[in-house]
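Colleague: My questions are about this predicted structure, shown below with the sequence.
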Amino acid sequence: MPPTAASLTRSSRDTARSIRGGAAMHAGARAGFVAAGVVHILLGVVALGVAFGGGGSADQSGALAALRSEPGGPVLLWVVVLALWALSLFLLLSAALVRGTGKSAWYHRGKYASTGIAYLAVGLTGVGVARSGSSSSAGKTRAWSARLLDAPGGKALLVVVALVVLGVAVYFVMKGATHGYRKDISVPAGLAGRAVEALATVGYVAKGVALAVVAVLTGVAALTSDPQKSAGLDGALKSLAGLPFGVVLLVVVAAGLVAYGCYFFARARYARL
């Protein structure tokens with residue numbers, strides 16, 4: 001008797017659940033958290049260099065290019081890419097396995113899927129850096145913004161993009177300020193737990209501030225029809241240095257990104273999978 005659609009769906013879900021719950025998948029996810037930590041620490045270091053007059057691209061591609069330039073860097077870069085993809089797969093499977101149709105189910109489904117896609121994208125950026133050594137995505141961001149502005153309704157779409165990024169920024173700030181990350185990890189007791197919470201709080205808020213600046217620049221690019229003002233994370237962080245007391249603010253944000261990276265190391269150990 002041929003299998004029904006329901007039985008095939010049930011079989012697929014059972015297979016996905018088995019893969020997601022396996023020891024190999026959990027190890028890959030934890031390795032992915034470590035890789036994400038490495039990327040954010042390097043991003044923070046590059047941003048600190050920019051604050052003190054150094055060069056480099058203060059975005060994920062710049063961080064990955066910095067890793068590639070180190071001894072053994074090309075090999076380490078591929079390890080980071082594969083680990084990020086393993087984490088991406090874990091999150092996408094998590095999204096597919098969320099049950100229910102209520103608001104909470106769709107929220108968690110969207111959160112897992114969007115985060116998984118983000119890690120997939122960073123991994124693809126790493127592939128580009130590994131192949132070409134390219135270290136800046138600012139030009140691509142401007143080109144993408146220019147194409148969008150040229151499209152029918154493009155200005156409105158770019159405003160929507162800015163608002164979405166701003167919403168993500170607010171989410172990061174609130175998650176840090178309200179200790180929402182406690183849902184993601186089993187916080188250890190004692191001094192270790194206090195250290196993890198301090199890193200998470202500072203890190204989430206710093207990441208949110210950086211994304212808020214990206215949102216503002218994207219919105220300005222839309223309202224002025226000038227794609228040159230939309231330069232992604234690299235342009236956002238560098239624009240901070242031009243503000244009154246901007247260097248101090250950039251140093252604080254950069255240090256926060258380093259803290260966020262260190263939190264990912266703790267998350268690799270204490271994550272609720």
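Modeller: Arrived safely. The model shown is predicted, which means the values in this text are computed figures rather than measured ones.
Colleague: just the helices in the stretch 151-273 of the chain please.
Modeller: Here the stretch 151-273 of the chain has its helices, by DSSP state H, counting those that start in this stretch, at 154-177, 190-224, 232-240, 246-270.
Colleague: Can you say which of those is packed in most?
Modeller: For the helices of the stretch 151-273 of the chain, the largest average neighbour count (mean count of other Cβ atoms under 10 Å) is found in helix 232-240, namely a mean of 24. To be clear about C-beta, it is placed using only N, CA and C from the backbone, and glycine gets the same treatment.
Colleague: Mind checking the pLDDT average for it?
Modeller: Taken as a whole, helix 232-240 has an average pLDDT of 75.
Colleague: go on, stretch 110-130?
Modeller: 91.
Colleague: What residues of stretch 48-58 count as buried?
Modeller: 48-51, 56-58 (16 or more other Cβ atoms under 10 Å).
Colleague: Spatially nearest residue to Val80 (excluding sequence neighbours)?
Modeller: Excluding the flanking residues, the one nearest Val80 by Cβ to Cβ, 6 or more residues apart in numbering is Ala35, at 4.3 Å.
Colleague: how about the one you found, phi and psi?
Modeller: Taking degrees, to the nearest 10, you get phi -60, psi -40 for the backbone angles of Ala35.
Colleague: And the pLDDT at it?
Modeller: 96.
Colleague: and Leu251, what is it in contact with?
Modeller: Careful, residue 251 is Val and not Leu. 48, 51 (Cβ atoms under 8 Å, 6 or more residues apart in numbering).
Colleague: any idea how far Val258 is from it?
Modeller: Per Cβ to Cβ, to the nearest Å, Val251 is found 11 Å from Val258.
Colleague: Mutual contacts of the two, please.
Modeller: Counting by Cβ under 8 Å, 6+ apart, the shared contacts of Val251 and Val258 are Leu48.
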